[in-house]
Each structure stands twice: as structure tokens, then as C-alpha cells.
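# task: produce atomic coordinates for the following.
(chains A and B)
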There are 2 protein chains.
Amino acid sequence: MSAPKEMEEGTALTPKFDADGLVTAVATDAKNGDVLMVAHMNAQALARTIESGEAWYYSRSRKALWKKGESSGHVQRVLELRVDCDQDAVWLKVDQQGAGACHTGRRSCFYRRVPLGQTGTVRLEFADAGRAFDPGTVYPGKK
Amino acid sequence: MSAPKEMEEGTALTPKFDADGLVTAVATDAKNGDVLMVAHMNAQALARTIESGEAWYYSRSRKALWKKGESSGHVQRVLELRVDCDQDAVWLKVDQQGAGACHTGRRSCFYRRVPLGQTGTVRLEFADAGRAFDPGTVYPGKK
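Okay, here's the model as predicted:
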């Protein structure tokens, strides 16, 4: 098979890392399909996720590998991992341990809705935005 | 509120576009929560999506704005749009019109599973990988 064909139709995992060495990672709640978070993985984070069955990511702001839940205890057990057609994104169906995935204390990072059918300035609407945990207690270093 | 606090806890839509002017966009099937595709939006694509309630993206390879389904007819009607805590990603719950979201002919771009608990070389496993349409017919210019 030609290279693009192999990437799309082959069985080799050949991630297409971007200029920073990252692929996009989307974690959804295996129970209801809600998107919990969007993050990034470098090769090491991807390898550790595959080996351990727990989600590892790469933080672009901290420039560091991190295991989700390492400090908070909110580990993500990966029930299924998938890769997309051009292998620049992965999808993790996870069993989210602890209260939530978002550092703000919510279960999902996507706790605000963008109203549709509008032009100009839109106002976000909070949705499922109750805090599942107190971020000040779980991440004492964060403000 | 301070700027990061406003970004996370405010009601203003202030997308954090990357160096290329893009945010990550994740489209899930509103019916079952499956991730259909991961793509990108520039400011214009996001504005058109909000205004029209149909998904517009920005193609990094073609460097062009595109309406999903413009050539294939596989339009994505957006039932709900959400933005994440730091406003660098959006989540679209969509009603996928036509047969599928992926240019390879599948309903979802994530049609291969990465087996877990392994070290070294992994072999991808096809999952839900039946073609919902013939890409050669729908996208005659593509190979």
C-alpha cells in the first residue's frame, strides 16, 4: 500500500505527530459519551497509555508528561483506545475515577454552551456546570 | 475577574486560537456519543457554525474554510455546541446527515482500535469499520 493508504487502511500504529511532537487526544465518558476533555499526547504519553491502560498526556503549558489523576486521584481508566483515519488524533473511552476530569472542579471541561443561530456577540450558558469537587482542595497549588 | 478566571468562569466567548489561528473541534454523534471526527476551526469557521447551526471547519492541508458535507452532502447539523475551560477546544453534538463523517467512507474517522496492555509494536484492530458509503463515488477527486 502507498503511505497514505497504509496510514488509513493499515494495521500499523504510525501516529502523525505535529511539529511539537503531539497528537490530539479526546477523552469521552464511556458511560454516556460526554466529552470530558481534549488534551495532547507525545510518543511517550501514548506508549504509557497503551501499556498501562490509564491515561497519560503531555502538558503543553508545563512542557511535561503527566499521568491524569497523579495529584488529584482522578485517574482515567481507558476502556477503549482508537486512532483516527490520518492518525493525528486518538479517542479514549474512559472510566473517570474520582469526581471529575476538569481542573475547575467539573466532571467535564465542556461546561459552557455556545448558543446557536446568532450573529455578533454571544453569551455562553453554563450547562452541567456544578462542581463535582473543590479545586482548591484537590489542587492546592492552583488558583 | 482576572483574565484566566474570566476565560474559565465568564460568559464571554473568547476562543484561545493557536499560532495558526485555530481551535480544536470534536464532533460527536448526538445519538450515541461516538466521536465522529476531530478537526479545526478558525474564527470564521466558528462564526459560521454558530450562525448557521451547521458545522464549518478549516482545513489545515488545503488552507481553506470548508462546510462539512459541502461536496458529499454529509452535512452535520449541530444540536449543541460547547466550549472547554480554557476555550481552545469546542465540542459539537451533531446530527450527521448522509452516510458518514469520514472521507474513507466510514461513519466515524475512529474505525481502528489500539489494543491496550502491550509494549512494543501494536497492531491496530478494525472496529465498526464497514464503509457506509463509497468514497470513490462521493469524493470522485480523491484516491
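# pLDDT-wise, which helix or strand of chain A ranks last?
The helix or strand with the lowest mean pLDDT-type score in chain A, counting by mean pLDDT, DSSP states H and E, is helix A:135-138 (a mean of 84).
# which helix runs longest in chain A?
helix A:43-52 (DSSP state H).
# can I get that one in PDB, CA atoms only?
Output of helix A:43-52 as PDB, limited to C-alpha atoms (Å, rounded to 0.1, in the frame of the first residue of the first chain):
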ATOM      1  CA  ALA A  43       5.000   9.500  21.900                       C
ATOM      2  CA  GLN A  44       5.900   8.700  25.500                       C
ATOM      3  CA  ALA A  45       2.400   9.600  26.800                       C
ATOM      4  CA  LEU A  46       0.800   7.400  24.100                       C
ATOM      5  CA  ALA A  47       3.100   4.500  24.800                       C
ATOM      6  CA  ARG A  48       2.400   4.700  28.600                       C
ATOM      7  CA  THR A  49      -1.300   4.900  28.000                       C
ATOM      8  CA  ILE A  50      -1.200   1.800  25.800                       C
ATOM      9  CA  GLU A  51       1.000  -0.100  28.200                       C
ATOM     10  CA  SER A  52      -0.800   0.800  31.400                       C
END
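# and that helix, what's buried?
Neighbour-count burial for helix A:43-52 flags A:A45, A:L46, A:A47, A:R48, A:T49, A:I50 (criterion: 16 or more other Cβ atoms under 10 Å in any protein chain shown). Bear in mind the C-beta positions are built from the backbone N, C-alpha and C, glycine included.
# centre of the chain to it, how far?
If you compare the mean C-alpha spot of helix A:43-52 with that of the full chain, they lie 14 Å apart, counting by Cα atoms, centre = their mean, to the nearest Å.
# ok and the residue in chain A nearest chain B?
Chain A approaches chain B most closely through A:G33 (1.3 Å), counting by Cβ to the nearest Cβ.
# per-residue pLDDT, the closest residue to that residue other than its chain neighbours?
In this structure, A:G33 finds its nearest non-sequential neighbour in B:G33, 1.3 Å apart by Cβ to Cβ, 6 or more residues apart in numbering or on different chains. The predicted local distance difference test score for B:G33 is 96.
# just say helix, strand or coil for B:G33.
Classification of B:G33 using DSSP: H, G, I helix; E, B strand; the rest coil returns coil.
# surely it meets A:T28?
Yes. With the criterion set as Cβ atoms under 8 Å, B:G33 and A:T28 qualify as a contacting pair; they are 6.3 Å apart.
# need the residues touching each of these two.
A:D34 (Cβ atoms under 8 Å, 6 or more residues apart in numbering or on different chains).
# mind checking which of these two has more residues around it?
A:T28 (24 against 17; other Cβ atoms under 10 Å in any protein chain shown).
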